[in-house]
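J.: Predicted model and sequence below, questions to follow.
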Amino acid sequence: MQQEQQPSAVGATHKTALMLSFAAPVVYVIAYLKGVGTMEHLITYENLRCFTYSNDKICKLPIKGIAVSFFGLGGAQMFDEDTEEGKCFAEKGIIYIMPYNNPWAWMNQQAVKYTDEIIDVLIKQYHLSNDIPIVSTGGSMGGQSALVYTALSKRTPVACVANCPVCDLVFHFTERPDLPRTLYSAFYHEDGSLEKALESASPIHMVERMPDVNYYIFHCECDKAVNKEKHSDVLINKMKNRFKVVYHIVPDRDHCDLTEDMRKRYNEYIYNSIL
């Protein structure tokens, strides 16, 4: 894969300071570069809502767990008010977050670390245990993200609940004409071939790395965006003898279009994994 030219090394006496300011709240970020630098973590509780939706301010105490819901491809919405789902989870004492990852992130390494950082902030703010139950959820790219985050996260979730997840990134690259640009963008920074980079965040290529937790997978039978036979069916066949997997095939429905009953089950799996 083509790599960007790296900047030349910078001497100790010539450190470069980068400062970014945000209007509300004002945040100052200073990153010192020595050749290739690492930016300091900048997410704090005070600026948390610039980086994720979170219902924590209305969450009933004691806090019993955290549900992480990942956006589908192109999802870039921000929320300045609590969502209906956020309110429902708050009533049960569950922090519900929707990280504002890059809309084309495909749970690359940056997205994993970004999500970990958000959870770090919440755990510190509320003095939560490091083994507090976490459930990873989402639909489409969000479903792929939920599965990959379960495998790669700093704190392993107790369950993963995914709706019409993309499970084979290598195949998905060829599945629709709008997809190659997004996948190339997400993994451009990786060394080696694009195929190997895609496999690093492709659930069917990661089964041996996935933790032994509960998996609840939904896939709509008439899905035209993410082919059920090429994605969830293949993943389930690889997982069924290794893990506790519940697989719901939703008849007569297109991409991520769960019936009311299935949507209820989807949320109940999240609740019951925490409570």
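T.: The structure has been received and is ready for your questions.
J.: Please make it C-alpha for all contacts and neighbour counts, starting now.
T.: Will do.
J.: Show me where the stretch 1-150 of the chain has its helices.
T.: Remark: helices assigned in the stretch 1-150 of the chain by DSSP state H, counting those that start in this stretch are 84-91, 109-125, 141-152.
J.: so can I have TSV of those showing distance to residue 77, mean neighbour count and mean pLDDT?
T.: Formatted as TSV, those follow (distance: least, C-alpha to C-alpha, whole Å; neighbours: other C-alpha atoms under 10 Å; pLDDT from 0 to 100):
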stretch	distance to residue 77	mean neighbour count	mean pLDDT
helix 84-91	15	17	98
helix 109-125	16	18	98
helix 141-152	14	28	99
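J.: for those, which one sits closest to residue 274?
T.: Closest approach to residue 274 among those is made by helix 84-91 (10.9 Å; C-alpha to C-alpha).
J.: Which neighbouring elements make contact with that closest one?
T.: strand 94-99 (3 or more C-alpha pairs under 8 Å, 6 or more residues apart in numbering; DSSP states H and E).
J.: Would you mind checking the average pLDDT for the strand it packs on?
T.: Average pLDDT, strand 94-99: 99.
J.: which residues touch it?
T.: 51-56, 59-60, 63-71, 86, 89-90, 115, 118 (C-alpha atoms under 8 Å, 6 or more residues apart in numbering).
J.: Can you lay out the helices of the stretch 1-150 of the chain as JSON lines showing distance to residue 224?
T.: Formatted as JSON lines, the helices of the stretch 1-150 of the chain follow (distance: least, C-alpha to C-alpha, whole Å):
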{"stretch": "helix 84-91", "distance to residue 224": "27"}
{"stretch": "helix 109-125", "distance to residue 224": "26"}
{"stretch": "helix 141-152", "distance to residue 224": "14"}
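J.: Can you verify my assumption that residue 71 contacts residue 144?
T.: No - using C-alpha atoms under 8 Å, residue 71 makes no contact with residue 144, being 10.0 Å away.
J.: what residue ranges in the stretch 1-150 of the chain score low on pLDDT?
T.: Where the stretch 1-150 of the chain drops to pLDDT under 70, the residues are 1-38.
J.: repeat that with 50
T.: 2-36 (pLDDT under 50).
J.: what about the strands in it?
T.: Ranges of strands within the stretch 1-150 of the chain are 16-20, 29-33, 52-54, 65-70, 94-99, 134-139, based on DSSP state E, counting those that start in this stretch.
J.: Report the buried residues of the particular helix or strand that has residue 249 in it.
T.: In the assignment (DSSP states H and E), residue 249 maps to strand 244-250. Neighbour-count burial for strand 244-250, counted by 16 or more other C-alpha atoms under 10 Å, picks out 245, 248, 249, 250.
J.: now do stretch 49-60
T.: Buried-residue list, stretch 49-60, by 16+ other C-alpha under 10 Å: 49, 50, 51, 52, 53, 54, 55, 56, 58, 59, 60.
J.: now for that stretch, what's the gap between its first and last residues?
T.: Using C-alpha to C-alpha, to the nearest Å, one end of stretch 49-60 lies 19 Å from the other.
J.: can you list contacts of that stretch?
T.: Stretch 49-60 is contacted from outside by 43, 78-79, 82, 86-87, 89-101, 118, using C-alpha under 8 Å, 6+ apart.
J.: Apply 7 Å and report the result again.
T.: Contact partners of stretch 49-60, identified using C-alpha atoms under 7 Å, 6 or more residues apart in numbering, comprise 79, 82, 86, 90-100.
J.: Could you grab the helix/strand/coil label for residue 266?
T.: With DSSP: H, G, I helix; E, B strand; the rest coil as the basis, residue 266 sits in helix.
J.: dump the residue contacts of it.
T.: Residue 266 touches residue 161, counting by C-alpha under 7 Å, 6+ apart.
J.: follow-up on the earlier one: would you turn the buried residues of strand 244-250 into TSV with pLDDT and distance to residue 266?
T.: Output for the buried residues of strand 244-250, formatted as TSV (pLDDT from 0 to 100; distance: C-alpha to C-alpha, whole Å):
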residue	pLDDT	distance to residue 266
245	98	14
248	98	10
249	98	12
250	98	12
